[in-house]
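> got a sequence here, can you model it:
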Amino acid sequence: MQNIQDLFDALQATKKEQKEVKREYHDALTNSNGYEEVNEELKKLREKKKKIEAMTQSRMGERYILLENLKKKIDELDQSITDIAMTTLMEGKSIEIKDQYDNLYEPTYKIIFKKSS
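All right, here's what the predicted structure looks like:
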C-alpha cells in the first residue's frame, strides 16, 4: 500500500502542472481568431436566457415556488439519508435500499481533504 503523504504530494504537483497548462490554454484561446467575438455573443445569449427564465418563473408563480421548495426538500432528505447511512455503517451494520422496482442501491463513498485552519 502506498504512503498517503506521497500520494498527496503527487496530487499537489499534478494540480500545479494542470494549472500551468490551463493558463497556456487560456492564453492560446485569447489569441485565436474569433474567440472573443464568440465569447461576447455567448454572454449576450446567457443574458437573454436569464431574462426568459425569470419571465417564465414569474408566470408560473406558486408552481415555481413549489419547485424550489421541492429541490430544498430533496437536498434535506439526501443529507438525512447520508447521515443515517454513515451512522449505520459506523455501527458495523450493512445498508440495503431498494426502489419501487426492487432495484438495489448500495452506498458509495468519497473522502476529500480540506485545508485545516
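> now the strands for this structure?
97-98, 104-105 (DSSP state E).
> would you reformat the ones you listed as JSON lines and include mean pLDDT and distance to residue 23?
Just so you know, the C-beta spots here come from the backbone N, C-alpha and C atoms, and that holds for glycine as well. Listed next are the strands of the chain as JSON lines, based on pLDDT from 0 to 100; distance: least, CB to CB, whole Å:
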{"stretch": "strand 97-98", "mean pLDDT": "94", "distance to residue 23": "44"}
{"stretch": "strand 104-105", "mean pLDDT": "93", "distance to residue 23": "41"}
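> so can I have CSV of these showing distance to residue 26 and mean neighbour count?
Conversion of the strands of the chain to CSV gives the following (distance: least, CB to CB, whole Å; neighbours: other CB atoms under 10 Å):
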stretch, distance to residue 26, mean neighbour count
strand 97-98, 43, 10
strand 104-105, 40, 10
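> let me have those in JSON lines, extended by distance to residue 48.
Formatted as JSON lines, the entries for the strands of the chain read as follows, by distance: least, CB to CB, whole Å:
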{"stretch": "strand 97-98", "distance to residue 48": "42"}
{"stretch": "strand 104-105", "distance to residue 48": "40"}
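> show me the one of the ones you listed that comes nearest residue 5.
For residue 5, the closest of the strands of the chain is strand 104-105, at 34.3 Å, according to CB to CB.
> what's the neighbour count on residue 42?
Here the number of neighbours of residue 42 (other CB atoms under 10 Å) works out to 10.
> from residue 62, how far out is it?
From residue 42 across to residue 62, the span is 33 Å (CB to CB, to the nearest Å).
> same check, this time on residue 77
In this view, residue 77 and residue 62 are 22 Å apart by CB to CB.
> which one of these two has more residues nearby?
For the pair residue 77 and residue 62, the greater number of neighbours falls to residue 77 (10 against 7), based on other CB under 10 Å.
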